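*Asks:* What follows is a predicted structure for the sequence shown.
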Amino acid sequence: MIDVVIFFFILGVIARLAKSDLRLPEALYETLSIYLLLAIGLKGGIELSRQPLGDLLPQMGATALLSFVIPFLLYPVFRGLRLGAADSAALGAHFGSVSVVTFAVVTANLAQRDIPYESHAALWVAIMEAPGLVAGVLLARLFSREDNANRTGQPNPMGWGKLAHDVFFGKSVLLLIGGLIIGAIAGEAGTAPIKAVFIDPFKGVLALFLLELGLVAGGRLAEVKRFGLVALGIGVIVPPVLACIGAAVGWLLGLSTGGVAVLATLAASASYIAAPTAMRIAVPQANAALSITVSLGIAFPFNLVVGIPAYIWLANTITG
Amino acid sequence: MSLTKHPRKLLVIIAESLIESLLIDDVMHMGAHGYTVTDVRGRGASGTREGNWEADRTIRMEVVCDTDVADQIGAHILEKYARHYGVTMYFSDVQVFRPEKF
């Protein structure tokens, strides 16, 4: 059975394709995304308050490494598909970084099927946002000829300092880490008074946010035609391949079945908030429309509808 | 009472909102005394921008200043950003009451 929130996403896509006048106010989109990031952080943080952080160090290291390595794995593949150096680096960074909403959907899915997962998984999300972006920028600076030309002539408008600031103090990492810390300090008892806002209505808010993302993703579908089969192929083949790598890492870490499914999904997901912003600033010569079309227009719906059930099946099979 | 009006340039910059903070730094650094920013949406050479999520937002920045300053800012933005970012600029003549503000 498809999770009910997915129907909202599909409704948004249909509304968009049918040229409906449905449009969620920008302020609501912003509010919902802040809510989801904080709620996910808080939930993970409450769990963190129950266990020593030291025990989680291997997981933290492995997830950071996974996110960092993904763009390096994808770069030669994208180059082989004749994408430019900057485009390959930027697109790789989108896959290296993660999609918070995809994470929210896989956890909702697991809860619905009564499959337990590591409740501090939000920590992995927060950790996996940044390393992929750094790897993408490194690749672009190493291989993009235009960037090298810039180094001698006109300086790139963005240094590493600005990039680091934008990534670590950008809203997604700031709110996730902020929520984790607040949850960890306040614990279950401390967060009880705000539970009615941040924990209980989570899934309803997620449904509303997916409606909006359906509208946005639907708008990108026209772009898919522009970029052709290569973009479509990348968007549906790369996620399952990365999911297998993520699942293997989760299995090696000795995670639960749910945990393996979550890590597989995180590896497969492509960022559409942190990555487009960071790549636009740090690798401006890359084609932003290509990365966004692949990550939000193809990989995101694919993961939601086809990927997540498959990754849960995969996790079930290997942890059997 | 007759109020004297003073000529100034109005520079309007329409750009991706991602570079807003960079533009603000540059504009103020180059001698503007202020600016006004609004969120906008529309269509141009860079395609349609609807502004309903992070990477799709567009701003319109208005700067009223001396002609020299406006020219400098315009040339600088053209050189630094126009190659890779969606940027539209136009100038017009305006009149102000209090020239020291601009």
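*Replies:* Great, that's in hand. Numbering: from 1, shown residues only, chains lettered A, B, ... in the order given.

*Asks:* Quick one: residues contacting residue 12.
*Replies:* Using chain A here. Residues near residue A:12 by Cβ atoms under 8 Å, 6 or more residues apart in numbering or on different chains: A:22, A:210-218. Every C-beta, even on glycine, is put in place using the N, C-alpha and C of the backbone.

*Asks:* You answered for a different chain; I wanted chain B.
*Replies:* Listed by Cβ under 8 Å, 6+ apart, the contact partners of residue B:12 are B:60-63, B:89-92.

*Asks:* Who wins on neighbours among these?
*Replies:* Most neighbours among those, by other Cβ atoms under 10 Å in any protein chain shown: residue B:63, with 25 neighbours.

*Asks:* Which strand or helix spans that residue?
*Replies:* strand B:58-65 (DSSP states H and E).

*Asks:* check whether that strand contacts chain A.
*Replies:* No: using Cβ under 8 Å from any Cβ of the partner chain, we find that strand B:58-65 stays clear of chain A, coming within 11.7 Å at best.

*Asks:* any idea how far that strand is from the chain center?
*Replies:* Strand B:58-65 has its C-alpha centroid displaced from the chain centroid by 3 Å (Cα atoms, centre = their mean, to the nearest Å).

*Asks:* Paired strands for it, with orientation please.
*Replies:* Note on strand B:58-65: by DSSP bridges, its sheet partners are strand B:6-16 (antiparallel), strand B:36-40 (antiparallel).

*Asks:* Can you say which of these is packed in most?
*Replies:* Ranked by mean neighbour count, the strands paired with strand B:58-65 are led by strand B:6-16 with a mean of 19 (mean count of other Cβ atoms under 10 Å in any protein chain shown).

*Asks:* can I get the CA coordinates of that strand in CSV?
*Replies:* The C-alpha trace of strand B:6-16 is given here as CSV (Å, rounded to 0.1, in the frame of the first residue of the first chain):
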residue,chain,number,x,y,z
HIS,B,6,17.5,67.1,-7.5
PRO,B,7,18.4,64.8,-10.4
ARG,B,8,19.7,61.3,-9.5
LYS,B,9,19.9,57.9,-11.2
LEU,B,10,17.7,55.0,-10.4
LEU,B,11,19.5,51.6,-11.0
VAL,B,12,17.2,48.6,-11.0
ILE,B,13,18.9,45.2,-10.7
ILE,B,14,16.8,42.0,-11.1
ALA,B,15,18.8,38.9,-10.1
GLU,B,16,18.7,35.5,-8.6
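
*Asks:* Could you pull up the mean pLDDT of it?
*Replies:* Averaged across strand B:6-16, pLDDT comes to 96.

*Asks:* do the same with stretch B:28-41
*Replies:* Averaged over stretch B:28-41, pLDDT sits at 95.

*Asks:* quick check, nearest of the contacts of residue B:12 to chain A?
*Replies:* Checking the contacts of residue B:12 against chain A with Cβ to the nearest Cβ, the nearest one is residue B:60 at 15.1 Å.

*Asks:* Quickly list what the closest one is bridged to.
*Replies:* Judged by DSSP bridges, the bridge partners of residue B:60 are residue B:14, residue B:38.

*Asks:* wait, residue A:273 sits on residue A:34?
*Replies:* No: applying Cβ atoms under 8 Å, one finds residue A:273 not in contact with residue A:34, separated by 11.3 Å.

*Asks:* Need the residues touching each of the two.
*Replies:* residue A:171.

*Asks:* Residues in contact with the strand holding residue B:63: which ones?
*Replies:* Against strand B:58-65 from outside (Cβ under 8 Å, 6+ apart): B:8-17, B:20, B:23-24, B:27, B:31-42, B:49, B:51, B:70, B:73, B:86, B:94, B:96, B:102.

*Asks:* gap between the residue nearest the centre of chain B and chain A?
*Replies:* Residue closest to the average C-alpha location in chain B (Cα atoms, centre = their mean): residue B:13, at 3.2 Å. Look at residue B:13 and chain A: by Cβ to the nearest Cβ, to the nearest Å, they are 15 Å apart.

*Asks:* Once you drop chain neighbours, what's closest to that residue?
*Replies:* Counting by Cβ to Cβ, 6 or more residues apart in numbering or on different chains, residue B:13 lies nearest to residue B:61, which is 4.5 Å off, once chain neighbours are set aside.

*Asks:* for residue B:20, same thing?
*Replies:* Nearest non-adjacent residue to residue B:20, counting by Cβ to Cβ, 6+ apart: residue B:59, 5.3 Å away.

*Asks:* related to what we said a few turns ago, neighbour count for residue A:273 and residue A:34, which is higher?
*Replies:* The neighbour count for residue A:273 versus residue A:34, taken as other Cβ under 10 Å, is higher for residue A:273 (23 against 13).
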